[in-house]
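Student: How does the following fold in three dimensions:
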Amino acid sequence: MSAITVKPLSSSEGFNAKFGAVVTNADLENLSDADFDVIRDALFNNQVLVFKNQSHVSPKAQFELTRRFDPSGTSYGHGKTIDAKRSILHPDLKTIPHQPQVQVIGNGFVPEYEGLKDIQLRHPHHKTFHATSIAPEEDLDFTRFYRWHIDAALYGLAPPIVTTLLAVKVPGGRKQICRYDDGTGDELEVPLGTTAFVSGYEMFDALSPEDQEFARTSQAEYAPHPYIWMSGAKSRSTGLGLESEGKEIPLDQLPPIEEEKIQILPMCWRNPVNGKLALQVHPSAVRKLHLKDGSVIEDLTEVRNTVYRMQRPGIAPGNVYCHDWQEGDLVLFHNRGLIHSVVGAFAAEEVRLFRQCNIAASHLPEGPVEIAQAA
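Tutor: From the prediction side, this is the model:
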């Protein structure tokens, strides 16, 4: 078999990205240690890896590839979050019975797949989560970023290192215009149902020296049970964090809170291979900011405005990689080095079926030295 090759997306026909790579000649069902080392190095240097023509890859092999980045991790990255009826994640995920760490996501009715019967999948639509929405008559032509996020429970469980997505069935063809609707006029032509990625490293590098210092020395505190806490709130039109309207679920109305599970994480996470810093904040789940001098920003509006100001340049159209899904594409992405968003609005008859896997890590992300010393 030929050696694995790694080719930057920007130099591949049909791609326009400043990060990411296409990997060829990788046998994901029978991955040697040497081949995994090539893939691991490529991932941490490129953040997104695309493997074409992988329809044959089993849920077990997908899980094993995902777990190989952290062999001590075994449970689904959101843990029991999907069991909570009030969680905003609850309707969107189905679990494969014989490989429970792998989830099925998509849109439309699927009679049978991998032991699941008569499943109704729902592609998240921005009108269910945003404070404003695109007019219904424009819905098939225009769309928005649904929610920029990191795949992470952010309560109790450490954020997964990687996520894998496999396209099993993809509706064909049409494009949509993704609108930011924030007064800037920004918009982006996207493939139907794309997954959008932006690099946390580019986001950090674009900050002013003052903001880089702030990001290096500050920590983000996340809400307890964050996906229930945020369930009453609504998103900004860019999908980058929430509007501050006082609609969060009060803490005394959440499930019992275990203080030791509340996560206070660095705003910047260090790359394990090249040492670069990524600005990694889940903008919808953040509740407080802890500063270098020991003070804490607790005003939620100020917290969100600060994070938004720092992250918004990073999602400008020229910084977004929108993957044009084809059946058999397996995308492996560095969940600790970028944020991503679901995009798109499907017609009822457009059936889409994907497999997703991420695993709660065995350790928290490493931050800058300034944070480590402060702790």
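Student: so how far is Ser362 from Asn271?
Tutor: 18 Å (CB to CB, to the nearest Å). Heads up, the C-betas are built off the backbone N, CA and C, glycines and all.
Student: Of the two, which one has the most company?
Tutor: More crowded of Asn271 and Ser362, by other CB atoms under 10 Å: Asn271, with 18 against 12.
Student: Give me the distance between the more buried one and Pro283.
Tutor: In terms of CB to CB, Asn271 sits 21 Å off from Pro283.
Student: what's stretch 33-42 in contact with?
Tutor: Contacts with stretch 33-42, where a contact means CB atoms under 8 Å, 6 or more residues apart in numbering, come from 4, 6, 21, 23, 26-27, 31, 49, 68-69, 273, 332.
Student: Neighbouring strands - and their directions - for the strand ranked longest in the chain?
Tutor: For the chain, the strand with the greatest residue count under DSSP state E is strand 102-113. Using DSSP bridges, the strands paired with strand 102-113 are strand 94-95 (antiparallel), strand 116-121 (antiparallel), strand 352-358 (antiparallel).
Student: list the buried ones in that strand?
Tutor: Residues 102-108, 110, 113 are the ones in strand 102-113 that count as buried (16 or more other CB atoms under 10 Å).
Student: Run the chain-centre distance for that strand.
Tutor: Computed by CA atoms, centre = their mean, to the nearest Å, the chain-centroid distance of strand 102-113 equals 20 Å.
Student: in the helix of greatest length in the chain, what's buried?
Tutor: Secondary structure of the chain per DSSP state H: the longest helix is helix 33-46. Buried residues in helix 33-46, counted by 16+ other CB under 10 Å: 35-36, 38-40, 42-46.
Student: What of stretch 259-268?
Tutor: 262-263, 265-268.
Student: As a markdown table, the residues you listed with secondary structure would be great.
Tutor: What follows is the buried residues of stretch 259-268, written out as a markdown table (DSSP: H, G, I helix; E, B strand; the rest coil):
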| residue | secondary structure |
| --- | --- |
| Ile262 | strand |
| Gln263 | coil |
| Leu265 | strand |
| Pro266 | strand |
| Met267 | coil |
| Cys268 | strand |
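Student: Check whether Met230 sits in a helix, strand or coil.
Tutor: Classification of Met230 using three-state DSSP returns helix.
Student: Now do the contacts for the closest residue to it other than its chain neighbours.
Tutor: Once flanking residues are discounted, Met230 sits nearest to Ser284: 5.6 Å by CB to CB, 6 or more residues apart in numbering. For Ser284, the contacting residues are 147-149, 226, 230, 233, 235, 241-242, by CB under 8 Å, 6+ apart.
Student: And Leu254, by the same measure?
Tutor: Counting by CB under 8 Å, 6+ apart, Leu254 touches 224-225, 228-229.
Student: returning to what we had before: which of the strands paired with strand 102-113 sits most buried?
Tutor: strand 352-358 (a mean of 23; mean count of other CB atoms under 10 Å).
Student: How far does it sit from its chain's centre?
Tutor: 13 Å.
Student: returning to what we had before: of all the contacts of Ser284, which comes closest to Asn358?
Tutor: Of all those, Asn358 sits closest to His149, with 11.9 Å by CB to CB.
Student: so where's the stretch 1-150 of the chain uncertain?
Tutor: For the stretch 1-150 of the chain, applying pLDDT under 70 flags the ranges 1-2, 11-16, 74, 76-86, 88-93.
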